[in-house]
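Peer 1: sequence isn't available, so here's the structure alone:
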């Protein structure tokens, strides 16, 4: 099923999909140029967080390692800030700044009260683009945090909320599958082009892959933590999400790590455990209705009342569980 109205539009999409986003490219260039700027020591108490929250998660263990590394060798790469309302707004270097704060809090040593920082003179859009660019290039970014960063980027660049993105991708899916006859408009084609340009920064193949990743938003907290700790890819996390038992999920994750299972092997393993889980959780008394119906009819009224009373007690037990 063709997604676009005609071949010409489809070709137009393919030609423009790899074009670099100008603002993000500019941000990357500024980051490179900032390496040649002499850093300034700035009091950590004068640094304020950005209005745009560029991170939602910080690994405590990794932060502790960074803190100890800075304590031993000093700060290798300065943070990046800009002047804002008489203070300094952090643009890049969230973990580094947190490590300095932790060091100062623990030691009260004035060495950690000031942090080396490169001061840039940039507007709001460029500052946000730099924050996002830094997040994009983090080597330890899990697929879950990558998804959050992409959604932030889409909200910033395309002014689309999470719900807007889901509705848009659902429309594309319905059109491509033939479930909807509603045409994709020229404006929506432009939106798709922009979306896939942004996805390319995160090495996401296309919008279909991104749509699958969105299901990570509904995973339980413990599974988010597993994704962050083990860096398992989104498609394995989606399979693990099918299981309800946390202990079982952790057991499978260990098996995946130890035995280096392939994706197909993981799918088969989870399929097997799902059958067992369904069997364990299925209602065991379905056969009562068939096997005892005739006997019920022959019972005297007092016995029927006795059974009725017992069934009500069973209902109460099930409701209170």
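Peer 2: Noted; the coordinates are in hand. Everything numeric here is computed off the predicted structure, so don't read it as measured data.
Peer 1: quick one: contacts for residue 243?
Peer 2: Neighbouring residues of residue 243 by C-beta atoms under 8 Å, 6 or more residues apart in numbering: 249, 252, 270, 273-274, 277. Where C-beta positions appear, they are placed from N, C-alpha and C, glycine not excepted.
Peer 1: run the last query once more with 10 Å
Peer 2: Each residue near residue 243 by C-beta atoms under 10 Å, 6 or more residues apart in numbering is listed here: 223, 249, 251-252, 270, 273-274, 276-277.
Peer 1: now the strands for this protein?
Peer 2: 40-43, 47-48, 79-84, 87-92, 114-120 (DSSP state E).
Peer 1: run the chain-centre distance for the longest one.
Peer 2: Centre-to-centre, strand 114-120 and its host chain are 30 Å apart (C-alpha atoms, centre = their mean, to the nearest Å).
Peer 1: paired strands for it, with orientation please.
Peer 2: strand 40-43 (antiparallel), strand 79-84 (parallel) (DSSP bridges).
Peer 1: got it, and the shortest one?
Peer 2: Looking at strand 47-48 with DSSP bridges, its partner strands are strand 87-92 (parallel).
Peer 1: mind listing what's buried in the strand it pairs with?
Peer 2: 88-92 (16 or more other C-beta atoms under 10 Å).
Peer 1: and which of the residues you listed is nearest residue 125?
Peer 2: Nearest to residue 125 among these, counting by C-beta to C-beta, is residue 91 at 12.1 Å.
Peer 1: list the residues that contact that closest one.
Peer 2: 27, 30-31, 34, 50, 52, 54, 79-82, 84, 117-120, 122, 126-131, 134.
Peer 1: burial count for residue 153?
Peer 2: By other C-beta atoms under 10 Å, 24 other residues sit near residue 153.
Peer 1: the buried residues of strand 87-92: which two are farthest apart?
Peer 2: Distance extremes for these: the farthest pair is 88 and 92 at 12.3 Å, using C-beta to C-beta.
Peer 1: show me the common contact partners of the two, please.
Peer 2: Counting by C-beta under 10 Å, 6+ apart, the residues touching both residue 88 and residue 92 are 79-81, 117.
Peer 1: of those, closest to residue 70?
Peer 2: For these, the minimum distance to residue 70 (C-beta to C-beta) is 11.6 Å, reached by residue 79.
Peer 1: give me the below-cutoff pLDDT ranges for the stretch 201-321 of the chain.
Peer 2: Counting by pLDDT under 70, the stretch 201-321 of the chain contains low-confidence ranges at 280-293, 321.
Peer 1: same thing but at 50, please
Peer 2: Across the stretch 201-321 of the chain, nothing is flagged by pLDDT under 50.
Peer 1: what of the stretch 51-200 of the chain?
Peer 2: For the stretch 51-200 of the chain, no range has pLDDT under 50.
Peer 1: helices along that one, start to end?
Peer 2: In the stretch 51-200 of the chain, the helices defined using DSSP state H, counting those that start in this stretch lie at 60-73, 94-107, 124-136, 143-158, 162-177, 186-201.
Peer 1: direction-wise, compare the fourth one with helix 186-201 and give the angle.
Peer 2: With axes from the mean of the first three to the mean of the last three C-alpha atoms, to 10 degrees as the basis, helix 143-158 and helix 186-201 are set at 140 degrees to each other.
Peer 1: can you pull the contacts of residue 170?
Peer 2: Residue 170 neighbours (C-beta under 10 Å, 6+ apart): 179-180, 211.
Peer 1: list buried residues within these.
Peer 2: residue 211.
Peer 1: tell me which of the contacts of residue 170 is nearest to residue 235?
Peer 2: Using C-beta to C-beta, those come closest to residue 235 at residue 211, 12.4 Å.
Peer 1: list the residues that contact residue 31.
Peer 2: Residue 31 sits next to 80, 91-92, 118, 120, 129-130, 133-134, 137 when contact means C-beta under 10 Å, 6+ apart.
Peer 1: mind checking which of those are buried?
Peer 2: Of the contacts of residue 31, these count as buried by 16+ other C-beta under 10 Å: 80, 91-92, 118, 120, 129-130, 133-134.
Peer 1: surely residue 269 and residue 239 touch.
Peer 2: Yes - if you go by C-beta atoms under 10 Å, residue 269 and residue 239 touch, sitting 8.9 Å apart.
Peer 1: got any residues that touch both of these two?
Peer 2: residue 252.
Peer 1: picking that back up, redo the buried residues of strand 87-92 as a markdown table? Include distance to residue 203.
Peer 2: Compiled in a markdown table, the buried residues of strand 87-92 are given as follows (distance: C-beta to C-beta, whole Å):
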| residue | distance to residue 203 |
| --- | --- |
| 88 | 33 |
| 89 | 29 |
| 90 | 26 |
| 91 | 24 |
| 92 | 21 |
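Peer 1: residue 158: which of the residues you listed is nearest?
Peer 2: For the buried residues of strand 87-92, the nearest to residue 158 is residue 91 (21.4 Å; C-beta to C-beta).
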